[in-house]
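Visitor: Following is a predicted model, sequence given first.
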Amino acid sequence: MSLTALGFWLFAREATVDWRRRYRKRRVQSLLNKWEGQPVQKAESVLGTPNEIVNGSAGRSLYIWKDPPKIPKAATLLIITLTVNAQAQITATALEER
């Protein structure tokens, strides 16, 4: 009996972790889609200070967040990358889980 209960608990736990990961990814992706064309300060106010800012050519920059503190945690590492033009407007967004 206890082995069956343990198996059920492990299955339920794994299903919950997977659901939480997919839900987080879907919510963050919908947020990122709304940010294109917006000032980068809007993203910084929601995500906090980026882990890394890489300055590129023609005034463009990459803003990179790794597991932003204001986004709920899940079992995977969440990496958010924003491409920002010289006018500090978000031109492209990317989301990756590892």
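Guide: Okay, I see it.
Visitor: where exactly do the strands run in the chain?
Guide: With DSSP state E, the ranges of strands along the chain come out as 52-55, 61-66, 78-84, 90-97.
Visitor: can I get the CA coordinates of the first one in PDB?
Guide: What that stands for is strand 52-55. Taking Å, rounded to 0.1, in the frame of the first residue of the first chain, the C-alpha atoms of strand 52-55 are listed here in PDB:
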ATOM      1  CA  GLU A  52      24.300  41.500 -17.900                       C
ATOM      2  CA  ILE A  53      24.100  44.300 -20.500                       C
ATOM      3  CA  VAL A  54      26.100  43.700 -23.700                       C
ATOM      4  CA  ASN A  55      26.600  46.800 -25.900                       C
END
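Visitor: Can you give the distance of that strand from its chain's centre?
Guide: 17 Å (C-alpha atoms, centre = their mean, to the nearest Å).
Visitor: How about stretch 59-70?
Guide: Centroid displacement of stretch 59-70 relative to its chain, using C-alpha atoms, centre = their mean, is 9 Å.
Visitor: what do you get for stretch 51-65?
Guide: Centre-to-centre, stretch 51-65 and its host chain are 17 Å apart (C-alpha atoms, centre = their mean).
Visitor: Correct me if wrong: P68 contacts I79.
Guide: No - contact between P68 and I79 fails when scored by C-beta atoms under 8 Å: they sit 9.6 Å apart. Where C-beta positions appear, they are placed from N, C-alpha and C, glycine not excepted.
Visitor: re earlier: between the strands of the chain, which one is nearest to S30?
Guide: strand 90-97 (10.4 Å; C-beta to C-beta).
Visitor: Quickly run through the sheet partners of that closest one, with directions.
Guide: strand 78-84 (antiparallel) (DSSP bridges).
Visitor: neighbouring contacts of the partner strand?
Guide: The contact list for strand 78-84, computed with C-beta atoms under 8 Å, 6 or more residues apart in numbering, reads 24-25, 28, 32, 35, 40, 43, 47, 60-68, 71, 90-98.
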